[in-house]
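S.K.: Sharing a model that was predicted from the sequence below.
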Amino acid sequence: MSTTSSSAAGVGAPAHSSASARPLTGQDYKTLSLAALGGALEFYDFIIFVFFATVIGQLFFPPSVPDWLRQLQTFGIFAAGYLARPLGGIIMAHFGDLLGRKKMFTLSILLMSVPTLLMGLMPTYQSIGLAAPVLLLVLRILQGAAVGGEVPGAWVFVSEHVPARHVGYACGTLTAGLTAGILLGSLVATGINSVFTPAELADYGWRVPFLIGGVFGIASMYLRRWLHETPVFAELKQRKALAAEMPLKSVVRDHGRGVAVSMLLTWMLSAGIVVVILMTPTFLQKLYGFDARTALVANSVATLCLTVGCIVSGALADRIGPRRTLFFGGLLLAICAYAFYTTIFTRPDLLLPLYALAGFLVGTIGAVPFVLVNAFPAQVRFSGLSFSYNVSYAIFGGLTPMVVTLMLKHDRLAPAHYVVALCMLGMVTALFVKDRSRD
């Protein structure tokens, strides 16, 4: 059978052909819970590095290196994880389409948790010299490859397990788990910095969050043993309808529209996360004069609201369709982001409610994976989603901090203008999304 003959192609194709109208069962909630828990812990492992970048730079590079160069090298190692995402995602997606979703879903968390644990046990520059940053780079690349397979794999896994009319809710819940990992990293970093003195932190305290992440990741991998292969893949395997050629080749050749729509929506997703959630705490301190504690508390509230927003937008995609959810969600986010970045200049007392609302509306991205999993037929779904998402996130997510920083030299409202522009792009792209009809 041909690669895509038994499933409708393109944006709007059904996520699984034998969808039923049954409600979510206890097994469905168990699957979603375990998937979201693993996603949260894996994203925690991936981003905890950035919260301790300063002390890592001091410990893993020569003392004679200037501070600015040490910081640049440290963030360069952090960025290497993003650059490794497409390669790791494509490889794991390839085997996920051929050998099974569950196997790659479990492998990805192993590839993340083991390097995280090893980071917490690593000798520093003082002990092994230049081998320390080299080993750190290798472990970071493995982390990037792991998260490149985890995120698309998790979306595919949950979407193929739940009833058709709950796919949006499932994808939104999984995305909420990923964003909860960011919140967990922020809270752990705040706690570690509160418990340990600067000297203790440099001596051994920095290792604690990595060791915690590694241990919890391995525990989560054990819990995933209780998950079952998706019914969609099992059916394809039984009917011998798996991809007859390299899945990525079929994606590039036959599903250009799905790739284009998926990459543009991922760009909007990356802008919301990178600018509003990850970069704004720094903006609040450097541009708006807030102290570090106030900025971090506000960011934690915004990230919590983001987690809730992802679930809400995913559920809305089920009810009113992804086109309306993304269009109106993008419009509201554009308005709110502009109001947030312009108002807190003169009304710093509104920081918390405005940032919370902005975080909730960034949760519109919870509807994006709903579109991505429906953009490709089941035989090549993992590969199509992984290729589109990871390549787009590596390019646009990686370039966004530099672009916004360069814009700030001439435009104090650069974060607002960038987010508004990407929301408009997302709104236009949403018009090309087909609100699919389920079989």
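M.R.: Structure's in. What do you need?
S.K.: what number of residues lie near L24?
M.R.: Neighbours of L24 under the rule other C-beta atoms under 10 Å: 15. In this view, the C-beta of every residue, glycine as well, is placed from N, C-alpha and C.
S.K.: For it, identify the helix or strand it belongs to.
M.R.: Here L24 sits in a region with no helix or strand, counting by DSSP states H and E.
S.K.: now the helices for the stretch 201-350 of the chain?
M.R.: Assigned by DSSP state H, counting those that start in this stretch, the helices in the stretch 201-350 of the chain fall at 207-223, 231-238, 247-254, 256-271, 280-286, 292-320, 322-343.
S.K.: Confidence-wise, which of those helices is weakest overall?
M.R.: Per-stretch mean pLDDT for those is lowest at helix 231-238 (a mean of 60).
S.K.: The strand or helix carrying V138: which residues count as buried?
M.R.: In the assignment (DSSP H and E), V138 maps to helix 131-159. For helix 131-159, a neighbour-count test (16 or more other C-beta atoms under 10 Å) marks 132-133, 135-137, 139-159 as buried.
S.K.: Grab the longest helix from the protein for me.
M.R.: helix 67-99 (DSSP state H).
S.K.: Which helix or strand lies directly C-terminal to it?
M.R.: Once helix 67-99 ends, the next helix or strand along the chain (criterion: DSSP H and E) is helix 101-121.
S.K.: Not counting the helix or strand following that following helix itself, show me its contacts.
M.R.: Downstream of helix 101-121, the next assigned helix or strand under DSSP H and E is helix 125-128. Applying C-beta atoms under 8 Å, 6 or more residues apart in numbering, the contact partners of helix 125-128 are L59, F60, F61, P62, A132, P133, L135.
S.K.: export the residues you listed to CSV and tack on pLDDT?
M.R.: Output for the contacts of helix 125-128, formatted as CSV (pLDDT from 0 to 100):
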residue, pLDDT
L59, 91
F60, 91
F61, 88
P62, 88
A132, 92
P133, 92
L135, 94
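S.K.: Between all of those residues, which two are separated the most?
M.R.: Spanning the widest gap among those are P62 and L135, at 15.4 Å by C-beta to C-beta.
S.K.: for L296, what are its contacts?
M.R.: By C-beta under 8 Å, 6+ apart, the residues touching L296 are S186, T190, P281.
S.K.: Could you do C423 as well?
M.R.: C423 is in contact with M268, A271, G330, L331, L333, A334, A337, counting by C-beta under 8 Å, 6+ apart.
S.K.: By mean pLDDT, point me to the weakest helix or strand of this structure.
M.R.: Sorting the helices and strands of the chain by mean pLDDT, DSSP states H and E puts helix 231-238 at the bottom, at a mean of 60.
S.K.: which one is M263 nearest to, not counting chain neighbours?
M.R.: Counting by C-beta to C-beta, 6 or more residues apart in numbering, M263 lies nearest to S392, which is 3.9 Å off, once chain neighbours are set aside.
S.K.: The helix or strand containing that neighbour: how far from the chain's middle?
M.R.: According to DSSP H and E, S392 maps onto helix 381-392. Computed by C-alpha atoms, centre = their mean, to the nearest Å, the chain-centroid distance of helix 381-392 equals 13 Å.
S.K.: Tell me who's in contact with the closest residue to A317 other than its chain neighbours.
M.R.: Nearest non-adjacent residue to A317, counting by C-beta to C-beta, 6+ apart: G168, 3.4 Å away. G168 makes contact with G314, A315, L316, A317, D318, P322, A367, F370 under the criterion C-beta under 8 Å, 6+ apart.
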